[in-house]
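> predicted structure and sequence below. I'll ask about it afterward.
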Amino acid sequence: MKLPEEITRADPEPAPIPAYGGPTTTPPDWLQYIAEPRYAWPILLIFGVALYLVNLGGYPLYTKGEPREAVTVFDIVHGGGVILPQRAGVEIPSKPLLMHWMAAMVSLVAGGVNEFTVRLPSAGLAIAGVILCYFYVRRLFDNVTALIAALILATTFQYLQAGTGARVDMTLTFFMEVAFFEFILMAEGLTRRRMLLYVTIALAILTKGPIGLILPGLVALIWIAAEKRWTLLRRMSLVRGAIVVLVLAGGWYLAALIEGGPDFFRKQVLAENLLRFTGGGDFHEGHI
């Protein structure tokens, strides 16, 4: 797995973080040893494969969500279009299509759509998210903290569930994870990158819609206000970032609107983002 050079380079080891109200505790030697990058990320990779890939296609699609997304993937693979394929030929998909495009590419390579191919994007991104968690956290703290944080993330119940399901949630989680880490590195002066934050926000939007912008945007704004770090806004290249998001995410929305017309706008923009909070004819009671 090729990781960003700035994340993976061998930085000097940060000083241990003292526990508040008590003396600094030194982790045992064996834990410090396996927490070094040369051992930690292969351990996390093997752990992730065991958690997310073993028997990934060994059980049927379940709940209404998995087959719903699988049908969209099936339509893409079988000539239903890539901009706005109709689910089963009759229904506009509920979410943007980034996860479905990835699953369709896997399915084309594998020779067919099945449980494994439609779940593989979630499993692969779950493993990548765990490994990236380690490399980002070691930039902020130390190797041991990073390894423990990654293991906690990997074994969190809902992360496990999303990482083994044919749903869009793990794809959204992965890109928002990168966006959150990039923001805090930027805030703490630990990176010169600016555009990766906005690229991942755009990809989050292409996964599950405006929530990919609204959630990280609100969190960042609240953090800046709470920390009184308003000068950070001048360093975030907001105008260039907005252009990146508009081109990458807005481009698909424009193409889908041209293809789907008012039905697309009503389904993906109104029903999925507004009517589930305010009610309306397109609102599904299951979302209450």
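All right, it came through fine.
> so where do the helices sit in this protein?
Counting by DSSP state H, the chain has helices at residues 5-8, 29-34, 37-48, 65-77, 98-110, 115-140, 143-154, 157-163, 169-187, 195-208, 211-227, 238-264, 276-278.
> can you list the residues that contact the fifth one?
Judged by CB atoms under 8 Å, 6 or more residues apart in numbering, the contacts made with helix 98-110 from elsewhere in the structure are 69-70, 72-73, 76-77, 82, 85, 93, 113-114, 116-118, 120-122, 166-168, 171, 203, 206-207. Yep, even glycine has a C-beta here, placed from its N, CA and C like the rest.
> pLDDT weak spots in the stretch 1-150 of the chain?
Counting by pLDDT under 70, the low-confidence segments of the stretch 1-150 of the chain come to 1-24.
> mind doing that once more with 80?
When the per-residue scores of the stretch 1-150 of the chain are filtered using pLDDT under 80, the ranges that remain are 1-24, 87-90.
> spit out the contact partners of the residue nearest the centre of the chain.
Closest to where the C-alpha atoms of the chain average out (CA atoms, centre = their mean) is F174, at 2.1 Å. Applying CB under 8 Å, 6+ apart, one finds that F174 lies in contact with L125, A126, A128, G129.
> pick the one among these closest to F141.
The shortest separation between F141 and any of the contacts of F174 is 17.8 Å, and it belongs to G129 (by CB to CB).
> gap between the closest residue to the closest one other than its chain neighbours and V49?
Across the structure, with CB to CB, 6 or more residues apart in numbering as the measure, the residue nearest G129 apart from its sequence neighbours is F174 (4.7 Å). When CB to CB, to the nearest Å is applied, the distance between F174 and V49 equals 17 Å.
> now I201
Using CB to CB, we find I201 at a distance of 29 Å from V49.
> more crowded one of these two?
Set side by side, I201 and V49 show unequal neighbour counts under other CB atoms under 10 Å, the larger going to I201 at 27 against 13.
> please list all residues in contact with the more buried one.
Applying CB under 8 Å, 6+ apart to I201 gives the contacts F175, M176, A179, G212, L213, P216, G217, G241, V245, A249.
> roughly how far does it sit from R192?
Relative to R192, I201 is positioned 18 Å away (CB to CB).
> for stretch 97-108, buried residues please.
Residues of stretch 97-108 classed as buried by neighbour count (16 or more other CB atoms under 10 Å): L97, L98, M99, H100, W101, M102, A103, A104, M105, V106, S107.
> could you find which two of those residues are furthest from each other?
So, those by CB to CB: farthest apart are L98 and S107, at 15.0 Å.
> list the buried residues of stretch 216-233.
Judged by neighbour count (16+ other CB under 10 Å), stretch 216-233 contains these buried residues: P216, A220, I224, L232.
> do stretch 28-39 as well
Within stretch 28-39, the residues that qualify as buried by neighbour count (16+ other CB under 10 Å) are A35, P37.
> first to last residue in that stretch, what's the distance?
Across stretch 28-39, the terminal residues are separated by 16 Å (CA to CA, to the nearest Å).
> residues in contact with that stretch?
Contacts of stretch 28-39 from elsewhere in the structure, counted by CB under 8 Å, 6+ apart, are T8, A10, P27, A40, I43, Y134, F135, R138, N143, V144, A146, L147.
> rerun that using 6 Å as the cut-off
Residues lying outside stretch 28-39 but in contact with it, judged by CB atoms under 6 Å, 6 or more residues apart in numbering, are N143, V144, L147.
> highest neighbour count among these?
Of all the contacts of stretch 28-39, the most densely surrounded is L147 (26 neighbours; neighbours counted as other CB under 10 Å).
> which residue, other than its chain neighbours, is closest to that residue?
Of all residues apart from its sequence neighbours, A35 sits closest to L147 (CB to CB, 6+ apart), at 4.3 Å.
> how about Y198?
By the measure of CB to CB, 6+ apart, the closest residue to Y198 outside its immediate chain neighbours is G241, 3.7 Å from it.
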